[in-house]
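Colleague: What follows is a predicted protein model with its sequence.
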Amino acid sequence: MIASRFNFTPPAYKVFRWLTDPGIGVPREIRSDLLGELFAAPKAVIASVINGLILNIAALGLHAGAIFAAFAAIDLVLAVVRIRVVRRALTAAEDGRPTPTDLYLLTATCWYTLLGAMAFMATFSAIVPLQLLAITYVVGMVGPICARNYAAPRYALTAVILCEVPLVLGAGLSGNRWMLIMVLQTPLFLYGTITVIRRIQTMAVAALVGEHESNRRARHDPLTGLLNRLGLDDALNAATNIFTLYYLDLDGFKAINDNFGHPVGDKVLSAVATRLLSVVRTDDIVARLGGDEFVVVAPNMSPPLATLFAERIVRSIADEPYLIDEVGPLRVGVSVGYVCVPDDACRDDDLLQRIDAALYEAKAVGKGTHRRYHAAQAPPKERLLRHA
């Protein structure tokens, strides 16, 4: 599943959106992964073209008509176009740019249609060796078609129909009555095909869901659902070049743990996380580093707005008590240190050290306030990320 590691643009045309819809019950977070599975690698395209050329050359050798020379030429042109589209799509997906999904699906559908036309003419020719080659070719392509397109069962079945039905139609019109048996077999064949595709998709969806859940657990705090340190590192790596980084440390939280126990403390931490999520913007990132330490990343925030936002964070956490059923209302405050990038530091600097220095100053002046980093605040390393 290499292609699914990237984000692919959903189709714009309704028919392709319907054909590639993975179906009801597939979680939204893995739909892009499934869409990426439709993009066949260039090597698969080349292998298919070689098999098609073998069929067309054999047809020419058996004097089945010049139309097979046209088929070969169209096949080669389509192959070049498809390979270019696949490479362009994979590169765009890796770079985070829109992918030519509709163009890829259109060229692939044209190729399946061409394959069906080749199969029809081969079986209609009544030349037995050519009929056997065509049947072998189409049946041999069904497996790869299902394997490449299992993520979109409707599209996979459509591709099989585009190849299989012309083959059977040509056989039925060839004049060989024994070929009519294929007409009777086709409905059962198509039913078996969609059953296999659905089975493969079910297993793939389950694997992707498990993978996403594992990644989510690795990057999220189990208590609050916020990002953990690993998730924060990933978010910082993906952040814009202009952002403000806030480091929060609760005031008075240790007393709650000591007096009422960790279960009550956990409820307070969860409530703090909920309040933080209620005041941040849609694109802001909230993480819990452990204990009572939180981090907020605010992209594209100017220094004047950063100060106002720091005040808002302090008020949101400290102004109202936390209503805990077991013990009644409890209060905690918060001290905030923050650094504005690139005004106060560069992305490559140790930002956590710098906001730790700003937080230390906020704690030193009496807690319940905020301070912005400046160079004179640099703390000794043994004080980093640990506050009373």
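Modeller: Nice, I can see it. Bear in mind the structure is a predicted one, so any value in this text is a computation, not a measurement. Numbers count the residues shown, from 1 in each chain.

Colleague: in stretch 320-335, what's buried?
Modeller: Residues 322, 324, 330, 332-335 are the ones in stretch 320-335 that count as buried (16 or more other Cβ atoms under 10 Å). In short, each C-beta sits where N, CA and C put it, glycine included.

Colleague: again with stretch 28-35
Modeller: Quick answer for stretch 28-35 (16+ other Cβ under 10 Å): 30-31, 33-35.

Colleague: Next: stretch 188-208.
Modeller: If you call a residue buried by 16+ other Cβ under 10 Å, then stretch 188-208 has these buried ones: 193, 196-197, 200-201, 204-205, 208.

Colleague: ok, now stretch 118-126?
Modeller: Neighbour-count burial for stretch 118-126 flags 118-125 (criterion: 16+ other Cβ under 10 Å).

Colleague: What is the nearest of those to Leu19?
Modeller: Ranked by distance to Leu19 (Cβ to Cβ), those are led by Ala119 at 21.1 Å.

Colleague: can you tell me how far that closest one sits from Ile161?
Modeller: Distance from Ala119 to Ile161, counting by Cβ to Cβ, to the nearest Å: 12 Å.

Colleague: can you check Thr193 too?
Modeller: Thr193 sits 9 Å away from Ile161, going by Cβ to Cβ.

Colleague: hmm, which helix or strand of this protein has the shakiest average pLDDT?
Modeller: Sorting the helices and strands of the chain by mean pLDDT, DSSP states H and E puts helix 31-36 at the bottom, at a mean of 79.

Colleague: Any stretches of the stretch 201-350 of the chain with poor pLDDT?
Modeller: The stretch 201-350 of the chain contains residues with pLDDT under 70 at 348-349.

Colleague: where exactly do the helices run in it?
Modeller: Taking DSSP state H, counting those that start in this stretch as the criterion, the stretch 201-350 of the chain carries its helices at 229-238, 253-260, 262-279, 303-318.

Colleague: Columns mean neighbour count and distance to Val15 on top of those, output as TSV?
Modeller: Output for those, formatted as TSV (neighbours: other Cβ atoms under 10 Å; distance: least, Cβ to Cβ, whole Å):
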stretch	mean neighbour count	distance to Val15
helix 229-238	15	34
helix 253-260	15	57
helix 262-279	17	39
helix 303-318	17	46
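
Colleague: Export the ones you listed as TSV, with columns for distance to Pro100.
Modeller: What follows is the helices of the stretch 201-350 of the chain, written out as TSV (distance: least, Cβ to Cβ, whole Å):
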stretch	distance to Pro100
helix 229-238	24
helix 253-260	52
helix 262-279	37
helix 303-318	39
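
Colleague: Can you point out the buried residues in stretch 65-78?
Modeller: The neighbour-count check on stretch 65-78 (16+ other Cβ under 10 Å) flags 68, 71-72, 74-75, 78 as buried.

Colleague: Just the buried residues of the helix or strand that contains Thr109, please?
Modeller: According to DSSP states H and E, Thr109 maps onto helix 101-124. Applying a neighbour-count criterion of 16+ other Cβ under 10 Å, the buried positions in helix 101-124 are 101-109, 111-112, 114-124.

Colleague: hang on, the earlier thing: tell me which strands and helices the least confident helix or strand of the chain is in contact with?
Modeller: If you count contacts as 3 or more Cβ pairs under 8 Å, 6 or more residues apart in numbering; DSSP states H and E, helix 31-36 packs onto helix 180-219.

Colleague: thinking again about what came up before, can you flag which of the buried residues of stretch 65-78 belong to helices?
Modeller: Mapping these onto helices (DSSP state H) picks out 68, 71-72, 74-75, 78.
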